[in-house]
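**Q** How does the following fold in three dimensions:
(one chain, ligands or ions: 2)
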Amino acid sequence: MKFPLLVASMALALGTIGCAQTNSPSGPALANLNQAKEPAAVTPPANTQANTHRIPTALEQSIIAWRRDIHQHPELGNREFRTAGLVEQHLTALGMQVHTGIAHTGVVGLLTGGKPGPVIALRADMDALPVKEQTGLPFASTATAEYRGEQVPVMHACGHDMHVAMLMGAAEYLAKHRNDIHGTVMFIFQPAEEGAPPGEEGGAELMLKEGLFDIAKPDAIFGIHVGSNSPAGHVGYKSGPAMASSDRFQITVEGVQTHGSRPWGGADPIVAAASIVNNAQTIVSRQLNLTEAPAVLSFGIIQGGMRNNIIPDQVYLEGTLRNFDMGLRATMFEKLTQVAEHTAAAHNTKATVTINEGYPVTINNPELMARMLPTTERVVGSDKLTPAGLGTAAEDFSFYALEVPGKYVFLGGAHPGQDPSTAAGNHSPFFNPHESTLRVGTELFINWVFDFGAQATQP
Ligand SMILES: [Zn+2]
Ligand SMILES: [Zn+2]
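**A** Ligands and ions are numbered 1, 2, ... in the order given. Presented below is the predicted three-dimensional model:
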């Protein structure tokens, strides 16, 4: 195995302290997925509040404290040394097999349940952003770090501090109840979800490249992202494609430099580039079958020329592509290359197109989504579960979900009384989800593990 194995001790049962299951009969009588089956040797858990694992208040307080500490000490992608250290220490103390240093700072813990069953992966991302925090919170970040050769402020402006704290909380609860777990739980603490620094690799893609799924191949992987565009504790979910792929394209148009007064003496890359920008708009509107999936093509950079009376020899263009279908994504790469090259040729210039593939489409496995929906509904309450639309942002959870069935949901964090439509969103210097989301996210992780494991072992 290519990662340093720090601890391989499997602790004995840690007791059942903290099991605060509720017996509220108020939950809706949801259909038990297993009721349709013949009586099984192992009785499946009823899908009721009585079987919902709720974390004790003391653990919730710990999770809040971890989150505040991590929030106050944010670290940029591939530099999550302190955060990874906290996680490693925590998982080791819980008696897990711990792997560190994956994709620079990634940490993975393996917890073997008391009963045989599947491998269930839970993922949290650990990185912060070059943003100057303006929340005014008592634990606001004043941290700085080097980024692109400059000293920049750093903030957990995307809520990854919460993801780490929730998964640490889930690890603690599940370790204490390991005897009741069917299967093995894999805790993945991932670096650099927001992208590695220029010139470096990172994130989910690098963890997989370095053999993450050689440690254990999950039968399902679960992820949560906090936001503020819905009330705290509300969950948005979308089966199938949920978030877009994100790919960067670069186009260089080469012409022949000449005097601005004598354009016939050269080949004008500025006019050619302008035509490429316009013609590229017809790819989405005229050439892609938009009944299959929407797509976005945007130019963000156009550079060329030095002086009003010189037609330059080169223009540089750059932009982003977003897709919700992996097939249409490949088609879009082809079409953009074709349009740019042929348009440039029509102007006696030459276009060179480079596609830098970013994150794939985040696809939630429909079967896994359907199977875990009753659990999700039970944890958050049916009135707080809402189907979500497509999101044009991208997420590197997509790499895992292309390899194994994945379920990724959005957890609301708007404060009570706050209008979610005006709450500061992810990446804002004012981003501040309500801390009650920590309990909800932790309990989602925990209950997905218990229910997926138990259901997977039914004959
Ligand atoms: Zn983000
Ligand atoms: Zn994020």
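
**Q** Let me see the ranges of the helices in the stretch 101-250 of the chain.
**A** 160-176, 203-209, 212-215 (DSSP state H, counting those that start in this stretch).

**Q** Kindly state which of those helices is positioned closest to residue 115.
**A** Comparing the helices of the stretch 101-250 of the chain against residue 115 with C-beta to C-beta, the closest turns out to be helix 160-176 (13.0 Å). Backbone N, C-alpha and C define where each C-beta goes, glycine included.

**Q** How far off centre is that closest one?
**A** Centroid separation for helix 160-176 versus its chain: 16 Å, with C-alpha atoms, centre = their mean, to the nearest Å.

**Q** Return the list of helices and strands in contact with it.
**A** Applying 3 or more C-beta pairs under 8 Å, 6 or more residues apart in numbering; DSSP states H and E, one finds that helix 160-176 contacts helix 57-72, helix 81-93, strand 106-112, strand 115-125, strand 182-190, strand 220-226, helix 436-456.

**Q** mean confidence for that helix?
**A** Average pLDDT, helix 160-176: 98.

**Q** Could you verify my assumption that residue 208 touches residue 401?
**A** No: counting by C-beta atoms under 8 Å, residue 208 stays clear of residue 401, with 11.3 Å between them.

**Q** Who has more neighbours out of the two?
**A** Taking neighbours as other C-beta atoms under 10 Å, residue 208 and residue 401 compare with residue 401 leading, 26 against 18.

**Q** Which residue, other than its chain neighbours, is closest to the more buried one?
**A** Nearest residue to residue 401, sequence neighbours excluded (C-beta to C-beta, 6 or more residues apart in numbering): residue 363, at 5.5 Å.

**Q** For the strand or helix carrying that neighbour, buried residues please.
**A** Taking DSSP states H and E as the criterion, residue 363 maps to strand 362-364. Applying a neighbour-count criterion of 16 or more other C-beta atoms under 10 Å, one finds 362, 363, 364 buried in strand 362-364.

**Q** Tell me the one of the residues you listed nearest residue 245?
**A** Of all the buried residues of strand 362-364, residue 245 sits closest to residue 362, with 8.3 Å by C-beta to C-beta.

**Q** any idea of the pLDDT on that closest one?
**A** Looking at residue 362, its pLDDT is 98.

**Q** do you know how far it is from residue 106?
**A** Residue 362 sits 19 Å away from residue 106, going by C-beta to C-beta, to the nearest Å.

**Q** Please identify which of the helices of the stretch 101-250 of the chain is closest to residue 321.
**A** Closest to residue 321 of the helices of the stretch 101-250 of the chain, according to C-beta to C-beta: helix 203-209, at 17.6 Å.

**Q** Could you export that closest one as PDB, keeping only the C-alpha atoms?
**A** These are the backbone C-alpha positions of helix 203-209, laid out as PDB (Å, rounded to 0.1, in the frame of the first residue of the first chain):
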ATOM      1  CA  GLY A 203      -8.400  16.800  -4.900                       C
ATOM      2  CA  ALA A 204     -10.500  13.800  -5.600                       C
ATOM      3  CA  GLU A 205      -8.900  13.100  -8.900                       C
ATOM      4  CA  LEU A 206      -5.400  12.800  -7.300                       C
ATOM      5  CA  MET A 207      -6.700  10.800  -4.300                       C
ATOM      6  CA  LEU A 208      -8.100   8.200  -6.800                       C
ATOM      7  CA  LYS A 209      -4.900   8.400  -8.900                       C
END
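
**Q** what does that helix rub up against?
**A** Residues from elsewhere that reach helix 203-209 (C-beta atoms under 8 Å, 6 or more residues apart in numbering): 77, 102-104, 106, 125, 188, 190-193, 195-196, 201, 396-400, 403.

**Q** Flag every buried residue along that helix.
**A** 203, 204, 205, 206, 207, 208.

**Q** export these to JSON lines and tack on distance to residue 113?
**A** Shown next, in JSON lines, are the buried residues of helix 203-209 (distance: C-beta to C-beta, whole Å):
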{"residue": "203", "distance to residue 113": "28"}
{"residue": "204", "distance to residue 113": "25"}
{"residue": "205", "distance to residue 113": "29"}
{"residue": "206", "distance to residue 113": "29"}
{"residue": "207", "distance to residue 113": "23"}
{"residue": "208", "distance to residue 113": "24"}
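
**Q** wait, what's in contact with residue 245?
**A** Residue 245 neighbours (C-beta under 8 Å, 6+ apart): 321, 322, 323, 324, 326, 329, 358, 359, 360, 361, 394, 398.

**Q** Now name the helix or strand holding the first one.
**A** Under the criterion DSSP H and E, the helix or strand holding residue 321 is strand 314-323.

**Q** cool, and the last one?
**A** Counting by DSSP H and E, the secondary-structure element that holds residue 398 is helix 397-403.

**Q** Summarise which helices and strands that helix is packed against.
**A** Here helix 397-403 touches strand 115-125, helix 203-209, strand 220-226, strand 362-364, strand 406-411, going by 3+ C-beta pairs under 8 Å, 6+ apart.
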